[in-house]
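> Here's a sequence, model it:
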Amino acid sequence: MAGQWTLDDIPWDQFDRSKVDDDIARVVRAAAMVESNASDYAIYLCNVFKDDPDRVKTQSGFPDGSGRGTFGHGTYFR
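Predicted coordinates:
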C-alpha cells in the first residue's frame, strides 16, 4: 500500500477480531479522536496566540499560521 490508500484497500474479510487486544484498540481510538480534532485545536491556539507570530507558526506547523492541513486519518478510527 504505497502512497494513497482508502479503507476499501484493507482486506476486511481477513480481519480476525479475536486477535485484537481491547486495550490497544482503546488507545488507538483515543489517539484517533485527538488527531481528528487536531486541526480545530491548532486553529483555536493560533487565534489565542495571534499576537505572537513565532508561537503561531510553531503551533500550526504551517508558515501562514493557519493550523490547516494537520493529518486527518484519525477519522478512520472513530
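> what's the weakest-modelled helix or strand in this protein?
When the helices and strands of the chain are scored by mean pLDDT, DSSP states H and E, helix 53-60 comes last with a mean of 66.
> any idea how far residue 36 lies from residue 53?
Residue 36 is 27 Å from residue 53, where distance means CB to CB, to the nearest Å. No exception for glycine: its C-beta is placed from N, CA and C like everyone else's.
> any low-confidence regions in this protein?
Counting by pLDDT under 70, the chain contains low-confidence residues at 1-2, 55-78.
> thinking again about what came up before, of residue 36 and residue 53, give the one with the bigger neighbour count.
When residue 36 and residue 53 are compared for neighbours, residue 36 comes out ahead with 18 against 11, by other CB atoms under 10 Å.
> Torsion angles phi and psi at that one?
For residue 36, the backbone dihedrals (degrees, to the nearest 10) come out as phi -70, psi -20.
> Over to residue 5?
phi -150, psi 160.
> residues near it, how many?
Using other CB under 10 Å, residue 5 has 10 other residues around it.
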